[in-house]
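> Need a 3D model of the sequence below.
(2 chains)
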Amino acid sequence: MDYQLLAELLFPQITDTPADVEARYPARQLPEGAKVTRFAPSPTGFVHFGGLFPSTVGERLAHQSSGVFYLRIEDTDAKREVEGAAEGLIKTLAKYGISFDEGAVLDAEGNIADRGDYGPYKQSKRGPIYRTYAKKLVAEGKAYPCFTTEEELDELQAVNKKEEIKNTDWQAQAESRRAEMLERRNFTLEEVKDHLAKGHPFVVRLLANGDPDKKVRITDLVKGNLEIPENDEDFVLLKSDGIPTYHFAHAVDDHLMGTTHVIRGEEWLPSLPKHIQLFGYLGFKLPKYMHIAQIMKLDEDGNKKKLSKRDMGANMDDYTSMGYCPEAVCEYIMTLLNSNYEEWHAQNPDKPYTDFPFSIKKMSVSGCLFDFGKLNDVSKNVISRMSASEVTQKVTDWALEFDPEFGKLLASDAAYAESIFAIGRGGKKPRKDLATWADAKPYMGFFYDGLFAPEYCYPENVSDVEAILDGFAKVYSADDDSTAWFEKVKELGLSLGYCADMKAYKNDPSAWKGSVADVSMVLRVAVTGKQNAPDLCEVMKILGTERVLERLEKGKVRK
RNA sequence: GGCCUGUUGGUCAAGCGGCUAAGACACCGCCCUUUCACGGCGGUAACAGGGGUUCGAUUCCCCUACAGGUCACCA
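Modelled structure (predicted):
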C-alpha cells in the first residue's frame, strides 16, 4: 500500500507539513521548573465543582512556578455544545480566582477571543492543524481511513453501549466487535478512491500496535507508579466531520501549546494507553500526568458516587446563589487538596491562600466526599476575618441579586447595616454567625422594622414581664456603656426579686424569682423578637432609643 | 465481564517497619458566660478480611471482599 498516496487522497487540501506547524509553535521560554498547565473544559454547561477542583490545581501549579496557565475550549462535540457555555465558564472561573495567562478570554463585548501566541485556543478553530498531523500518520502507515458509518457500527455492536449488557455477554461482545474492527484495516487504494468519489464520509483511525498482554510503566504524579496494558484499539483520531476526538486533540494541542503537566480527572486513566501510544506515534514528548481523584457524594444507598451535575453542590453558580463567598470555596478546596492547608493557615492567618506552598505530593489518591459541614466551618472563619464594611458590601451585593427586598433595605442605609455587622467583629475571638450571605437575614433581620417579626417567648418562670419592660424603659439611656447598661439591668431585676449574681443564684435558686439572666432574656425577646441575639446593649444602641422604647412597649403583649 | 484505581474513626485526613495510631469538621460533656456566636478543656469513635515476608506490620507482597472508574465518530 502506498501510504503517501493514501494520505494525499484523504487530505488533498492539507499542504502544510508538521514541521511547518511546529515552526509556528516554538518552545516556550520559561524559567527552569516552570509548569505549563491548562484547564480544558468542553463548553457543555456550567462550571462543576469537579471542574473547579482540578483547575485550581493547574492554576496553583503554574503560578507557583512562574509558569503559564491557559484556558483551552474543547468544543469538539458540536452535538453537546451549549450556547454561551464557554462565556459562562470563563466568568464563573474568574469569580473563583482562576485567572488565565493566556487562552480563550472574554473581550470587551463579552465574546470569546484569543490571548497568547499558541492559539487558536478553541479546538473547533484548529481543524487544519489536526489534519496535518493526521495526514502524517496516514502517510506513515500509522493511521487509516474507515468508511464504516456510525449506524453500521451500532448494528455491529447489536447492543447499544449505554444499555445494560448482561455480564456474560460482555466478553463475546467485545471480541466480536474487535474482530469486526480488525476487518476495517483491510482495504485497497481503489476502494478508498471509490468511496471518496462517491463522497462517503470517513473517520481516521489509529493503527494500534500495542499488545494488551504487555504492560507499560508510567508514573502519575498523583497516583504513583502505574502498570497499564498497551493499547490495541484502533480508536478514532478524526471524526467524519474532520474534527478530532479528545484523544487526538489532547496529543496535538498539549504538545504544540507546551503543556508540561496534564491535570485531569481519574476517569481518564483508562485511556492513558491510547495517549501514550499516540504521543509515541507522533514523536511527541509525553507530558507529566496528574490524574486526580473525583469528588464524591453519598447516594441513597450509602454508596459513594461521583458528584454529578444534578447534585447539590455541583454547580458553582449554585454556591453564588446559596451565598457562599468564593474565597471560602477556594479555601475549602485547598483543605481537600492539601490536608496541611489548615495548619498552614492557622500559622499564617493573614496570608491569602495563594501564598500556601501547594504540594503535589500531599494530594489525596482517593476520592473524597463533598462535605457541606466542613465548607460551612471554613466559610464562617473566612467571613469572620472580614471587616464590617466588607461584609456589608458583600451581603448587600448578594441580597440585591437574590433577595432584592432585603438588598434594598441594606443598601438604603449602608452605615446602619455596617454598624450591625460590626457587632463582635475584629479582635481575637470574632463572632462567627455567618457561613453564607443568606444567613444574614435571619441573623439580623430584626434590626429592620419591616422584618421584625417577634415571637414573644419569654422565660417560663418570669411572671412580671410588664414590670421588667416598663422598669427598663424608665432607666434606659443610650449613653450607657455596657457596664452601666448591665448594672441597670441588675438593679431592675433586684428590685423585682431577681438575683443579680449568677453564682449566688445557682447556689440557691429557690431564694429568688429568677436571675438577671431571666431579666435580660425578657428584654432581649422584646427588643429582638428572638431568644438568641448578639450583645443586647449594642443592639439597643444601634436601634436607637426611640425604637427600643417602642419595642419594650410592644413587648408587653404577654405570653 | 475485562482492564485500571482505591480501602485508617460519621467526614477530610497524618502516618511512609517499632507511635498510648496526629490533627480538623461533625457529635457529646464540662468551663467561660445575661442569650446566642466565639473561646478553653475533655470525651466517644478507625488501620476492610485472610494469608505471607519480618524479631516486629497501618506501613512491604499475595489473595478475597467491598467501593469507584472505564470499555463511543462524549469529553
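> any idea which helix or strand carries the residue of the stretch 451-559 of chain A found nearest RNA strand B?
Closest to RNA strand B within the stretch 451-559 of chain A is A:Ser520: 3.1 Å, counting by CB to the nearest atom of the strand. No exception for glycine: its C-beta is placed from N, CA and C like everyone else's. Assigned by DSSP states H and E, A:Ser520 belongs to helix A:516-528.
> got any ranges where the stretch 251-400 of chain A has weak pLDDT?
Per-residue confidence for the stretch 251-400 of chain A (pLDDT under 70) gives these ranges: A:301-302.
> For it, which segments count as helices?
For the stretch 251-400 of chain A, the helices defined by DSSP state H, counting those that start in this stretch occupy A:272-282, A:316-322, A:326-337, A:341-347, A:372-384, A:388-402.
> Can you point out the buried residues in the fourth one?
If I follow you right, that is helix A:341-347. Within helix A:341-347, the residues that count as buried by 16 or more other CB atoms under 10 Å are A:Tyr341, A:Glu342, A:Trp344, A:His345.
> Kindly report the residues of the stretch 101-250 of chain A close to RNA strand B.
Within reach of RNA strand B by CB under 7 Å from any atom of the strand, the stretch 101-250 of chain A has these residues: A:148-150, A:153, A:161-162, A:167-168, A:170-171, A:174, A:201, A:203, A:215, A:223-224, A:226-229, A:235-236, A:239-241, A:243, A:245-246.
> filter the residues you listed to the buried ones?
When those are checked for burial by 16+ other CB under 10 Å, the buried set is A:Thr148, A:Val203, A:Lys223, A:Ile228, A:Phe235, A:Val236, A:Lys239, A:Ile243, A:Thr245, A:Tyr246.
> Is it correct that the last one is in contact with A:Asp75?
No - applying CB atoms under 8 Å, one finds A:Tyr246 not in contact with A:Asp75, separated by 11.2 Å.
> Point me to the helix or strand that includes the residue lying closest to A:Asn225 once chain neighbours are set aside.
The shortest distance from A:Asn225 to any non-neighbouring residue, by CB to CB, 6 or more residues apart in numbering, is to A:Thr219 (5.3 Å). Secondary structure from DSSP H and E places A:Thr219 in strand A:215-220.
> Mind giving me the packing neighbours of that strand?
Applying 3 or more CB pairs under 8 Å, 6 or more residues apart in numbering; DSSP states H and E, one finds that strand A:215-220 makes contact with strand A:224-229, helix A:272-282, strand A:288-292.
> Among the residues of the stretch 101-250 of chain A next to RNA strand B, which ones are in strands?
A:Val203, A:Lys215, A:Gly224, A:Leu226, A:Glu227, A:Ile228, A:Pro229, A:Val236 (DSSP state E).
> just curious, which of those residues is nearest to A:Lys142?
Within these, the smallest distance to A:Lys142 is 14.0 Å, found for A:Val236 (CB to CB).
> Distance of the closest one relative to A:Leu549?
79 Å (CB to CB, to the nearest Å).
> sorry, back to before: what's near enough to touch the residue of the stretch 451-559 of chain A closest to RNA strand B?
When contacts are counted by CB atoms under 8 Å, 6 or more residues apart in numbering, A:Ser520 is found next to A:Val489, A:Leu536.
> re earlier: which two of the buried residues of helix A:341-347 lie the greatest distance from each other?
Taking CB to CB, no two of these sit farther apart than A:Glu342 and A:Trp344, at 7.2 Å.
> Show me what from the stretch 401-550 of chain A comes close to RNA strand B.
By the rule CB under 7 Å from any atom of the strand, the part of the stretch 401-550 of chain A lying against RNA strand B is A:424, A:429-433, A:482, A:486, A:502, A:516-517, A:520-521, A:524, A:531-537.
> Can you say which of those are buried?
A:Arg431, A:Lys432, A:Asp433, A:Phe486, A:Val516, A:Ser520, A:Met521, A:Arg524, A:Ala533, A:Pro534, A:Leu536, A:Cys537.
> how much space is there between the residue lying closest to A:Leu369 once chain neighbours are set aside and A:Glu266?
Nearest in space to A:Leu369, with sequence neighbours left out and distances taken as CB to CB, 6+ apart, is A:Met296 at 5.2 Å. Here A:Met296 is placed at a distance of 11 Å from A:Glu266 (CB to CB).
> Pull up the overlap in contacts between the two.
A:Gly367.
> and the residue lying closest to A:Ser55 once chain neighbours are set aside, bridged to which residues?
In space, and not counting its chain neighbours, A:Ser55 is closest to A:Phe39: 4.0 Å by CB to CB, 6+ apart. Assessed by DSSP bridges, A:Phe39 has beta-bridge partners A:Leu71.
> if we can go back for a sec, render the CA-only coordinates of the helix holding A:Ser520 in CSV, please.
Backbone C-alpha positions of helix A:516-528 (Å, rounded to 0.1, in the frame of the first residue of the first chain) are rendered in CSV as follows:
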residue,chain,number,x,y,z
VAL,A,516,-30.5,38.6,85.9
ALA,A,517,-30.3,36.1,83.0
ASP,A,518,-34.1,36.0,83.0
VAL,A,519,-34.4,39.7,83.1
SER,A,520,-32.0,40.0,80.2
MET,A,521,-33.9,37.4,78.3
VAL,A,522,-37.2,39.3,78.7
LEU,A,523,-35.5,42.4,77.3
ARG,A,524,-33.9,40.5,74.5
VAL,A,525,-37.1,38.9,73.5
ALA,A,526,-38.9,42.2,73.5
VAL,A,527,-36.3,44.1,71.6
THR,A,528,-35.1,41.5,69.1
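> re the thing from before, can you list the buried ones among the residues of the stretch 101-250 of chain A next to RNA strand B in TSV and add pLDDT?
Shown next, in TSV, are those (pLDDT from 0 to 100):
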residue	pLDDT
A:Thr148	91
A:Val203	96
A:Lys223	91
A:Ile228	90
A:Phe235	96
A:Val236	96
A:Lys239	95
A:Ile243	95
A:Thr245	97
A:Tyr246	97
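> Could you identify the most distant pair in these?
Spatial extent of those (CB to CB) is set by the pair A:Thr148 and A:Lys223 at 35.3 Å.
> roughly how far is the helix holding A:Ser520 from the heart of the chain?
Relative to its chain's centre, helix A:516-528 lies at 43 Å (CA atoms, centre = their mean, to the nearest Å).
> So for that helix, mean pLDDT?
Mean pLDDT, computed over helix A:516-528, is 96.
> immediately after that helix, which helix or strand?
Elements were assigned by DSSP H and E; along the chain past helix A:516-528, the next helix or strand is helix A:536-543.
> Give the buried residues for that next one.
Using 16+ other CB under 10 Å as the test for burial, helix A:536-543 gives A:Leu536, A:Cys537, A:Glu538, A:Val539, A:Met540, A:Lys541, A:Ile542, A:Leu543.
> which one of the residues you listed is nearest A:Pro43?
Scanning the buried residues of helix A:536-543 for proximity to A:Pro43, where the rule is CB to CB, the winner is A:Ile542, at 48.1 Å.
> What is the neighbour count of the nearest residue in space to the closest one that is not next to it in sequence?
Leaving aside its sequence neighbours, A:Ile542 sits nearest to A:Ser419 (CB to CB, 6+ apart; 5.1 Å). For A:Ser419, the neighbour count with other CB atoms under 10 Å is 16.
> can you check A:Leu434 too?
Neighbour count of A:Leu434, defined by other CB under 10 Å: 24.
> Correct me if wrong: it contacts A:Glu390.
No - between A:Leu434 and A:Glu390 there is no contact under CB under 8 Å: 11.9 Å.
> A:Glu331: neighbouring residues, count only.
Residues near A:Glu331, counting by other CB under 10 Å, number 22.
> cool, A:Glu418 as well?
Other residues close to A:Glu418 by other CB under 10 Å number 19.
> SS state for it?
At A:Glu418 the chain is in helix, as set by DSSP: H, G, I helix; E, B strand; the rest coil.
> which residues sit in contact with it?
Contact analysis of A:Glu418 by CB under 8 Å, 6+ apart lists A:Ala388, A:Ser389, A:Thr392.
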